[in-house]
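> just coords:
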């Protein structure tokens with residue numbers, strides 16, 4: 001489900017005393033002490049809001065967003081030494097990036113291959129830091145290996161480590177490629193396909209659809225041991241960013257606001273159909289799995305269609321009513337995923353519960 005931030009958060013107040021929004025993570029003081037930068041958003045009780053980069057004076061007064069027009073969620077930001085800009089990371093189309101953002105809001109892209117430290121699934125992620133001289137060190141990579149240490153200096157990226165060269169060099173890894181997917185309503189959907197090593201072109205193989213959690217999260221073209229393991233066993237593996245995914249802007253993420261699960265199901269099925277049309281997937285040998293938000297969609301899929309031979313639903317929500325009333329953050333679901341409390345409108349909860357599709 002929607003990921004609750006592990007970063008400390010606090011409210012931002014205008015001089016009038018009105019709450020401006022929710023801030024997450026530490027505030028950053030500019031080198032000369034005249035300005036403060038922080039990450040936050042105005043809470044509109046939607047399923048998703050872009051976390052924006054704000055700058056205010058030393059008392060956090062007169063705050064203004066530097067990234068409202070970027071329409072992407074800022075993950076981290078640090079001041080440049082001159083105090084006239086900040087370095088910030090954000091996800092765009094399933095890829096973590098780093099850019100320099102001026103206090104005038106001008107965005108200058110710098111790095112497009114930031115990769116996370118996770119290994120099992122290809123979630124977006126990654127870290128960076130900036131030296132006093134402006135050299136950026138970051139975790140970077142692609143589908144071919146776990147992330148390594150990279151630096152950007154003088155405008156040129158350079159890889160410093162090859163920590164898994166021996167391991168990856170001794171394995172036959174699955175090739176990964178992006179495939180074109182169009183949703184029933186005409187929207188393009190990003191999807192990636194890993195195929196078994198040694199597969200002959202045109203050979204159809206069993207397909208596993210692997211669905212990300214969140215659902216406001218994103219997969220990307222990164223290394224993932226789960227995908228490699230499935231491919232090594234002879235399966236093609238498909239992962240996608242259906243509507244509701246992050247890194248495509250707030251409008252795309254909020255297409256599932258107060259409706260999830262709904263048309264994201266159609267996006268996922270369109271992705272499977274694309275893998276079949278591609279000549280890779282065996283239409284009579286389809287499988288599906290996912291965890292958390294992906295587990296819910298897995299359960300929803302097998303309640304809507306019998307196209308899949310088997311499914312593994314991991315840590316899903318099966319009944320929104322019991323989830324909303326017994327989870328460890330009970331106000332969250334009713335506040336952000338529905339318009340009313342469960343006892344006020346039980347059928348809206350039930351109609352979006354995979355359990356309702358049984359029988």
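Structure received. In this text, all values refer to a predicted model and were calculated from it rather than measured experimentally. Numbering: from 1, shown residues only.
> Give me the mean pLDDT for the helix or strand harbouring residue 251.
Taking DSSP states H and E as the criterion, residue 251 maps to helix 250-253. Averaged over helix 250-253, pLDDT sits at 98.
> From residue 51, how far out is the residue sitting nearest the centre point of the chain?
Nearest residue to the geometric centre of the chain (CA atoms, centre = their mean): residue 218, 2.2 Å. Counting by CB to CB, to the nearest Å, the gap from residue 218 to residue 51 is 14 Å. C-betas here are computed from N, CA, C, even on glycine.
> So residue 274, which state does it fall into?
helix (DSSP: H, G, I helix; E, B strand; the rest coil).
> where do the strands sit along the stretch 251-359 of the chain?
Applying DSSP state E, counting those that start in this stretch to the stretch 251-359 of the chain gives strands spanning 281-291, 308-314.
> Can you report how many residues neighbour residue 263?
18 (other CB atoms under 10 Å).
> looking at it, residue 139 is touching residue 116, isn't it?
Yes - if you go by CB atoms under 8 Å, residue 139 and residue 116 touch, sitting 6.9 Å apart.
> gap between the two ends of stretch 318-330?
In stretch 318-330, first residue to last residue: 16 Å (CA to CA, to the nearest Å).
> Give me the buried positions along that stretch.
Neighbour-count burial for stretch 318-330, counted by 16 or more other CB atoms under 10 Å, picks out 318-321, 323-324.
> which residues do residue 139 and residue 116 both contact?
126, 147 (CB atoms under 8 Å, 6 or more residues apart in numbering).
> What sits closest to residue 283 if chain neighbours are left out?
Nearest residue to residue 283, sequence neighbours excluded (CB to CB, 6 or more residues apart in numbering): residue 276, at 5.0 Å.
> same deal with residue 267?
Spatial nearest neighbour of residue 267, chain neighbours left out: residue 242 (3.5 Å); criterion: CB to CB, 6+ apart.
> For residue 320, see how far away residue 355 is.
Residue 355 is 9 Å from residue 320, by CB to CB.
> Can you show me the strands along the stretch 1-150 of the chain?
Taking DSSP E, counting those that start in this stretch as the test, the strands found in the stretch 1-150 of the chain are 9-13, 19-29, 35-41, 52-57, 64-65, 74-79, 85-92, 95-102, 107-114, 128-130, 136-140, 148-153.
> okay, these in TSV with distance to residue 300, mean pLDDT and mean neighbour count next?
What follows is those, written out as TSV (distance: least, CB to CB, whole Å; pLDDT from 0 to 100; neighbours: other CB atoms under 10 Å):
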stretch	distance to residue 300	mean pLDDT	mean neighbour count
strand 9-13	31	42	14
strand 19-29	30	65	16
strand 35-41	28	95	22
strand 52-57	32	95	21
strand 64-65	35	94	15
strand 74-79	29	97	21
strand 85-92	25	98	24
strand 95-102	28	98	21
strand 107-114	32	97	17
strand 128-130	37	97	18
strand 136-140	34	98	21
strand 148-153	38	97	17
